[in-house]
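# next comes the sequence, and after it the predicted model I'd like to discuss.
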Protein chains: 2
Amino acid sequence: MARLLISADSHVMEPLDLWTTRLPPHLRAHGPRVEVRKDVPCLMVEDTVVRRFSTRSRTAREGWKTFTRGASDPEGRLRDLDADGVWGEVIYPNVAFFCCFHIRSAELQGATASLYNDWVAERFLDASERFAPVAVLPVVDVASAVAELRRAAARGFRAALLPAHVDFRPYNDAAYEPLWAAAEELGIPLTFHAGTGRTQTPAHGPGGAVINYVVTVGGPMETVAHLCGSGVLARFPGLRVVMVECGSGWLAWVLHAMDDAYREHHMFVEPKLELLPSEYFRRQGAVTFQHDPVGLANIGFTGDRCLMWGSDYPHPEGTWPHSQDVLARQLDGLPEDTIDRIVTQNAAALYRFRLPADAA
Amino acid sequence: MARLLISADSHVMEPLDLWTTRLPPHLRAHGPRVEVRKDVPCLMVEDTVVRRFSTRSRTAREGWKTFTRGASDPEGRLRDLDADGVWGEVIYPNVAFFCCFHIRSAELQGATASLYNDWVAERFLDASERFAPVAVLPVVDVASAVAELRRAAARGFRAALLPAHVDFRPYNDAAYEPLWAAAEELGIPLTFHAGTGRTQTPAHGPGGAVINYVVTVGGPMETVAHLCGSGVLARFPGLRVVMVECGSGWLAWVLHAMDDAYREHHMFVEPKLELLPSEYFRRQGAVTFQHDPVGLANIGFTGDRCLMWGSDYPHPEGTWPHSQDVLARQLDGLPEDTIDRIVTQNAAALYRFRLPADAA
């Protein structure tokens, strides 16, 4: 039986000239753009190469356009979703995803994020209630992030994106309090996508692809520890946070390790919390996975309310157009209500999707 | 029924003046030592504070001497082991643990490691076959590490210690080949103890204790990915590697994630391997844990041959003197042969303990 799937992790493909044509003139040379460096086309922002289009990647060989048409066209996208048996999607950027959080200038980051948010709102948010695009927040300046969050909420966005890591000002810093407060007040979940805020390729040489995957996909472990351990979730009980495209197989261990640290190193623990760190995450947090048998085997530790499936459409490593089959195999044997939460209800409630009546 | 336990993770306490009295005179001012900085006693090496004795720590309040006498005295230690129902121990340093891998000078690191190895050999290795102290390898200069490994093996050491991370020359670097080859040839397992090679306190401020625990204890995930993904374990099939005091709850996910990366990002994978990355770890790797229900629940993914228990004696957060009880509760319900492997046989075989005849 086909299920009413919601992908809690999908992407769009922005026009590559979005920023070079629409940023204020004095910022254009520094915003996201493609430049050829040593014969290799590179995605750049400011003076940083954020992505080299390796000749080994399918994108480089066949061009961004090999992404199915739905990557940037809402009608094509709805047809693709229907073909995949996916009803709704939480939509992340692609170019903005790679670029935005590398920007050091608050002005440039604010303008880059706003342009993306305007484009994705017009293109996808307005096109169908089946799309829940996520607004990018310019976090170099927290006041700007709060202002953009308010603007996004007023425009109809139901989720917002922060980098998984901000090494120059980690998430246990008091400077973020206004942002947590605003997200709680507006009822907008804050999402932290794996691979943002740090290089995705810290390792070079032999085994790099394997090492970088483990380090990058597992990066949000640290984010979870910041949000739970520092009391952010305790102080803002209405705040909801989601770690995206990070898998779920590490979550049981992180929940256990946080509590272990909290109890065993109590003499160093500050602040003291009313609940254990893990309990805040189970109450207010979630992770998205695509294919993670380890995470599914550990629902006894994590519960099933903090797990959400995502297709990663239209990325080539995603499950499209076989999501229904992949999920049926992966979820086989789990209780029906657990499956329903993981593939539909958790995301529907968190991102305020209005499911079609026949789903009741 | 009491079991014949082997702790695969214990520590000694070196004399604090070991290096200030015995290093060559021109190195003494730079070797491991305690200096008072801003009224706080600090463990220092070169110009780096590696440990501030926080007034909140039990060690600072009550002094290093509150460690039970067995921390530095072999007879007291054997009595403590008997009281705890532990038959044998793999023994790591304490001061050298914190200091040695922060040293940047190859000469100083070599001398610091050799002094520790000489001290622990004389004090513990010679005292009882129930002790398997681990020789510290000075890795700044790989040739020195190889020489010290050979010296240690000749002296009777059955294991050697490397830092979990070497950020200036990661473990996928070809420079390590002579070290891997020597360890394989000598049949000496290489161990990587969590919390070595990087600061243990990357996070500051609220939640620091919880964040740093997750980051530090989970650090060896990256080490596993380096050793498996880069083909080190494939090229040296006789090499055995152990991640120490890192828990085991993340292992199932890391094994899955490495294989996922290897398969899904195959166009970027270099070198190609005959087996999947996870298969090398199951064949040649192990982790030690103290209390990790998540890891035990995931034996279906990891197998039980790469898990070893450790008491962390004499650290205050260890299980001494209740190891038998703690283990009985923790392992309750697992198959008898699995328990036997985890608490006795895996470590006995790897570290060549000659178990007493009545254990057969």
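Received it, and whenever you're ready, just let me know what you need.
# please work out how many residues are found near the closest residue to A:P237 other than its chain neighbours.
In this structure, A:P237 finds its nearest non-sequential neighbour in A:Q284, 7.1 Å apart by Cβ to Cβ, 6 or more residues apart in numbering or on different chains. (C-beta placed from N, C-alpha, C; glycine too.) Residues lying near A:Q284 (other Cβ atoms under 10 Å in any protein chain shown) number 22.
# I'd say A:Q284 and A:R235 touch.
No - using Cβ atoms under 8 Å, A:Q284 makes no contact with A:R235, being 11.2 Å away.
# surely A:L27 touches A:E107?
Yes - assessed by Cβ under 8 Å, A:L27 is found in contact with A:E107 at 7.1 Å.
# the residue of chain A most remote from its centre and B:P316, how far apart?
No residue in chain A sits farther from the centre than A:M267, which is 34.8 Å out by Cα atoms, centre = their mean. Applying Cβ to Cβ, to the nearest Å, the value for A:M267 to B:P316 is 10 Å.
# ditto for A:R33
56 Å.
# which of these two has more neighbours?
Each of A:R33 and B:P316 has its neighbours counted (other Cβ under 10 Å); A:R33 has more, 19 against 14.
# okay, the more buried one: pLDDT?
What the model reports as pLDDT for A:R33 is 95.
# same question for the one 4 residues further on.
At A:R37 the predicted local confidence, pLDDT, stands at 89.
# run a quick neighbour tally on it.
For A:R37, using other Cβ under 10 Å, the count is 10.
# looking at it, A:Y262 is touching A:L276, isn't it?
Yes - between A:Y262 and A:L276 there is a contact under Cβ under 8 Å: 6.1 Å.
# out of those two, which sits in the busier spot?
A:Y262 (23 against 16).
# what's the separation between that one and chain B?
6 Å (Cβ to the nearest Cβ, to the nearest Å).
# OK, contacts around that residue?
Counting by Cβ atoms under 8 Å, 6 or more residues apart in numbering or on different chains, A:Y262 touches A:G229, A:V269, A:L273, A:L276, A:P277, B:A209, B:V210.
# secondary structure element for it?
helix A:251-264 (DSSP states H and E).
# likewise for A:Q324?
helix A:323-331.
# contact partners for A:M308?
A:I6, A:A8, A:D9, A:V242, A:A286, A:V287, A:T288, A:F289, A:I342, A:N346, A:A347, A:L350.
# tell me if the helix or strand containing the fourth one is near chain B.
Mapping A:V242 onto the secondary structure by DSSP H and E places it in strand A:241-244. No - for a cut-off given as Cβ under 8 Å from any Cβ of the partner chain, strand A:241-244 has no contacts with chain B; the smallest distance is 13.2 Å.
# partner strands of that strand, with direction?
Applying DSSP bridges to the sheet, strand A:241-244 is found paired with strand A:190-193 (parallel), strand A:285-289 (parallel).
# out of these, nearest to A:G88?
Evaluated with Cβ to Cβ, the strands paired with strand A:241-244 place strand A:285-289 nearest to A:G88, the distance being 13.7 Å.
# neighbours of the residue nearest to A:I91 when sequence neighbours are not counted, just the number please.
Once flanking residues are discounted, A:I91 sits nearest to A:P133: 4.3 Å by Cβ to Cβ, 6+ apart. Per other Cβ under 10 Å, the neighbour tally for A:P133 reads 28.
# now A:P133: how far from A:D80?
When A:P133 is compared with A:D80 (using Cβ to Cβ), they lie 16 Å apart.
# do the same with A:D167
Counting by Cβ to Cβ, the gap from A:D167 to A:D80 is 36 Å.
# and these two? Which one has more around it.
Each of A:D167 and A:D80 has its neighbours counted (other Cβ under 10 Å); A:D80 has more, 20 against 9.
# so which elements touch the helix holding A:Q324?
For helix A:323-331, the packing partners by 3 or more Cβ pairs under 8 Å, 6 or more residues apart in numbering or on different chains; DSSP states H and E come out as strand A:5-11, helix A:293-297.
# just give me how far it sits from the chain centre.
22 Å (Cα atoms, centre = their mean, to the nearest Å).
# between that helix and strand A:285-289, how many degrees?
Angle, helix A:323-331 to strand A:285-289, by axes from the mean of the first three to the mean of the last three Cα atoms, to 10 degrees: 110 degrees.
# identify all contacting residues around helix A:323-331.
With Cβ under 8 Å, 6+ apart, helix A:323-331 has contacts from A:2-3, A:5, A:7, A:84-86, A:291, A:293, A:296, A:309, A:311, A:313, A:319, A:339, A:342-343.
# which parts of it are buried?
Using 16 or more other Cβ atoms under 10 Å in any protein chain shown as the test for burial, helix A:323-331 gives A:S323, A:Q324, A:V326, A:L327, A:Q330, A:L331.
# next structured bit after it?
helix A:336-340.
# and that following helix, C-alpha only, in PDB?
Listed next in PDB are the C-alpha coordinates belonging to helix A:336-340 (Å, rounded to 0.1, in the frame of the first residue of the first chain):
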ATOM      1  CA  GLU A 336       2.400   0.600  11.800                       C
ATOM      2  CA  ASP A 337       2.100   3.700  14.000                       C
ATOM      3  CA  THR A 338       5.900   4.000  14.100                       C
ATOM      4  CA  ILE A 339       6.200   3.900  10.300                       C
ATOM      5  CA  ASP A 340       3.400   6.400  10.000                       C
END
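# which strands and helices sit next to that helix?
Helix A:336-340 sits against no helix or strand, with contacts defined as 3+ Cβ pairs under 8 Å, 6+ apart.
# buried ones in that helix?
Quick answer for helix A:336-340 (16+ other Cβ under 10 Å): A:T338, A:I339, A:D340.
# out of those, which is nearest to B:V214?
For the buried residues of helix A:336-340, the nearest to B:V214 is A:T338 (26.4 Å; Cβ to Cβ).
# ok, the closest residue to A:V86 other than its chain neighbours to chain B distance?
Counting by Cβ to Cβ, 6+ apart, A:V86 lies nearest to A:L5, which is 4.6 Å off, once chain neighbours are set aside. As judged by Cβ to the nearest Cβ, A:L5 and chain B stand 21 Å apart.
# ok, now A:Q345?
25 Å.
# what's the answer for A:D332, then?
16 Å.
# what of A:A153?
In this view, A:A153 and chain B are 27 Å apart by Cβ to the nearest Cβ.
# now A:A234
As judged by Cβ to the nearest Cβ, A:A234 and chain B stand 10 Å apart.
# ditto for A:H26
From A:H26 to chain B the distance is 36 Å (Cβ to the nearest Cβ).
# and that residue, how many neighbours?
Neighbours of A:H26 using other Cβ under 10 Å come to 9.
# also A:A143?
By the measure other Cβ under 10 Å, the count of residues near A:A143 is 13.
# what about the closest residue to A:W119 other than its chain neighbours, neighbour count?
Excluding its sequence neighbours, the residue lying closest to A:W119 (Cβ to Cβ, 6+ apart) is A:L18, at 5.9 Å. Using other Cβ under 10 Å, A:L18 has 19 other residues around it.
# repeat that for A:G300.
11.
# relative orientation of the helix holding A:Q324 and strand A:5-11 in degrees?
110 degrees.
# how close does the one residue sitting closest to the centre of chain A sit to chain B?
In chain A, the centroid-proximal residue (Cα atoms, centre = their mean) is A:H193; its distance is 3.2 Å. A:H193 sits 17 Å away from chain B, taking Cβ to the nearest Cβ as the criterion.
# find the nearest non-adjacent residue to that residue, please.
Computed as Cβ to Cβ, 6+ apart, the closest residue to A:H193 that is not its neighbour in sequence is A:V244, at 4.3 Å.
# can you check A:F192 too?
A:A164 (4.6 Å).
# ok, the one you found to chain B distance?
14 Å.
# residues in contact with that residue?
Residues near A:A164 by Cβ under 8 Å, 6+ apart: A:F192, A:H193, A:A194, A:G195, A:T196, A:G197, A:R198, A:G219, A:P220, A:T223, A:M243, A:C246.
# those in strands, which ones?
Taking DSSP state E as the definition of strands, the contacts of A:A164 contribute A:F192, A:H193, A:M243.
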